[in-house]
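Asks: From the sequence below, what's the structure:
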Amino acid sequence: MSNKQGKRYSQAFKRDAVTLARSSGKTVTEMARDLGMSPEGLRSWVKQDRADRGKGSAGQLTGAEREELRRLRRQDPEQRKTIETLKKTTAFFARESDRRLRPTGSSRRRRPPTRSPCSAGFSVPPLLLLRLGRGRTGQRRA
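Replies: Modelled structure (predicted):
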């Protein structure tokens with residue numbers, strides 16, 4: 001198996017070669033031989049140029065369409081990963097919210113909320129009262 005890599009030609013060279021192939025009375029094979037390149041390469045450039053000018057065969061993509069197709073194919077796996085991540089995140093938060101909304105067992109006995117010394121009668125958690133330096137009764141410690 002050979003690891004044959006073709007030559008890379010600049011866009012300017014390709015454009016000039018296609019112009020020469022169209023304007024000269026020579027065949028693509030003769031023109032390619034004069035330019036020192038493969039006839040298949042020049043033929044594909046001429047074919048692509050026809051498509052870009054709107055004179056190609058039906059169903060042939062223009063250069064801009066090919067580039068957009070390449071971009072969309074690269075973008076597709078990234079979007080699939082994003083969608084998968086969003087699905088997992090949504091499922092996680094749905095489980096969490098379901099767990100929080102689920103009623104606790106009736107066998108557990110809840111403590112009544114501790115009343116604040118405030119006359120409005122707001123409920124204050126016991127831990128907050130301890131942090132404020134008050135006991136469970138709401139009276140300030142000395």
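Asks: Domains in the protein, by residue range?
Replies: 10-60, 61-99, 113-142 (automatic domain parsing).
Asks: Quick one: end-to-end length of the longest one, please.
Replies: Right, the one you point to is domain 10-60. 23 Å (CA to CA, to the nearest Å).
Asks: ditto for stretch 43-62
Replies: End-to-end for stretch 43-62, by CA to CA: 15 Å.
Asks: Give me the residues contacting it.
Replies: Lys14, Ala17, Val18, Ala21, Arg22, Val28, Ala32, Gly63, Ala64, Leu69 (CB atoms under 8 Å, 6 or more residues apart in numbering). In short, each C-beta sits where N, CA and C put it, glycine included.
Asks: Pick the most deeply packed of the domains of the chain.
Replies: Comparing those by mean neighbour count (mean count of other CB atoms under 10 Å), domain 10-60 comes out on top with a mean of 14.
Asks: which stretch of helix or strand covers the residue nearest to Met31 when sequence neighbours are not counted?
Replies: Closest residue to Met31 apart from its sequence neighbours, by CB to CB, 6 or more residues apart in numbering: Ala21 at 4.7 Å. Counting by DSSP states H and E, the element that carries Ala21 is helix 11-23.
Asks: which outside residues touch stretch 26-36?
Replies: Residues from elsewhere that reach stretch 26-36 (CB under 8 Å, 6+ apart): Ala17, Leu20, Ala21, Ser24, Ser38, Pro39, Gly41, Leu42, Arg43, Val46.
Asks: now, which of these sits nearest Ala94?
Replies: Within the contacts of stretch 26-36, proximity to Ala94 (CB to CB) peaks at Gly41, which comes in at 56.2 Å.
Asks: Assumed the closest one was part of a helix.
Replies: Yes - with DSSP: H, G, I helix; E, B strand; the rest coil as the criterion, Gly41 is located in a helix.
Asks: ranges for the helices of this structure?
Replies: 11-23, 28-35, 39-52, 63-101, 126-131 (DSSP state H).
Asks: I'd like those helices as TSV, with mean pLDDT appended.
Replies: Below are these laid out as TSV (pLDDT from 0 to 100):
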stretch	mean pLDDT
helix 11-23	90
helix 28-35	90
helix 39-52	87
helix 63-101	86
helix 126-131	65
